[in-house]
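# Fold the following, please.
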Amino acid sequence: MYGPETKFLVVDDFATMRKIIKKVLSELGYKNVEEADDGKTALPLLKSAAGNGTPFQVVISDWNMPGMAGIDLLKACRADGQLKGVPFMMVTAESEQQNIIEAAKAGVSDYVVKPFKAQTLKTKLENIYKKHAA
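Purely as a prediction, here's the structure:
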């Protein structure tokens, strides 16, 4: 599993959802968690962190956001040389099969449908860790 110093970026336009995800991550032992309210805010944060040698190690993003949707943030990350390998989890109310397929084609690491339990997030993080550590 990821170490306690793992650097997370939680991207969601709904402050309450960011707070819930941060709380779950905190309960799992992760304290290094930053937030962004949409993809437009998140992308410069990701690029800046990668550029200064302190990259985010996991992105947890909502799908539906104004400015830049999570799927577009995912595609932008996968197209960027410095960000393409960052594990990216989509947390969304979008449970349509076509959306899951679109996210998979775009290179999402895992997908969580809201509402979710803390244990679900933990299990998905373990799966992502195994995938990316291999």
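# residues contacting residue 80?
If a contact means Cβ atoms under 8 Å, 6 or more residues apart in numbering, then residue 80 has residue 47 as its contacts. Using the backbone N, CA and C atoms, a C-beta is placed for each residue, glycine as well.
# does the spatially most central residue of the chain count as helix, strand or coil?
Nearest residue to the geometric centre of the chain (Cα atoms, centre = their mean): residue 60, 1.8 Å. The three-state label given to residue 60 by DSSP: H, G, I helix; E, B strand; the rest coil is strand.
# show me what contacts it?
Residues in contact with residue 60 (Cβ under 8 Å, 6+ apart) are 8, 9, 10, 11, 21, 89, 91.
# Looking at those residues, which are in helices?
residue 21 (DSSP state H).
# Any of the contacts of residue 60 buried? List them.
For those, a neighbour count by 16 or more other Cβ atoms under 10 Å gives the buried set as 8, 9, 10, 11, 21, 89, 91.
# who does the fourth one bridge with?
Put plainly, it is residue 11. residue 36, residue 61 (DSSP bridges).
# mind checking how far it is from residue 130?
23 Å (Cβ to Cβ, to the nearest Å).
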